[in-house]
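>>> Whatever this is, show me its structure:
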Amino acid sequence: ARGKRAGAGASAAFERGIAALAQYIEREGRTVVPRAWVEQLRDGPQNLGVWVSNTRSRRAGLSEEQRSRLAALGIDWA
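Residues are numbered from 1 along each chain as shown. I've put the predicted structure just below:
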């Protein structure tokens, strides 16, 4: 049960990061996010710059679907 909760949390965190990144790209027109950038979502702030940095450093552990979703947003390191 513990692993399922951790996986669900990681999945929710990825979804939240993707939503924030898509919102940022739509508004700013670029995929480069400053590390300190915080994106405001409806349900609260998302530390988008840190999320992008962490996702980049952990990209080998991303699923094919996650890499595809990042690539669809224009992230070329995915």
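>>> Please count neighbours and contacts with C-alpha atoms only from this point.
Noted.
>>> Check which residues of the longest helix that the chain contains are buried.
What stands out as the longest helix in the chain, according to DSSP state H, is helix 2-28. Residues 14, 16-18, 20-22, 24 are the ones in helix 2-28 that count as buried (16 or more other CA atoms under 10 Å).
>>> So for Tyr24, what's the nearest residue that isn't a sequence neighbour?
Glu39 (7.1 Å; CA to CA, 6 or more residues apart in numbering).
>>> For that neighbour, give me phi and psi.
Main-chain dihedrals, Glu39, degrees, to the nearest 10: phi -100, psi 130.
>>> What about it, how many residues nearby?
17 (other CA atoms under 10 Å).
>>> wouldn't it be in contact with Asn47 here?
Yes - at 6.4 Å, Glu39 and Asn47 qualify as touching, with contact defined as CA atoms under 8 Å.
>>> Quick check: Tyr24 vs Gly61, distance?
24 Å (CA to CA, to the nearest Å).
>>> where does this protein have its least confident helix or strand?
Least confident helix or strand of the chain, by mean pLDDT, DSSP states H and E, is helix 2-28 with a mean of 84.
>>> helices and strands around the next helix or strand after that helix, which ones?
Counting by DSSP states H and E, the element after helix 2-28 in chain order, helix or strand, is strand 39-41. Of the remaining helices and strands, those touching strand 39-41 by 3 or more CA pairs under 8 Å, 6 or more residues apart in numbering; DSSP states H and E are helix 2-28, strand 44-46.
>>> I am finished for the moment; much appreciated.
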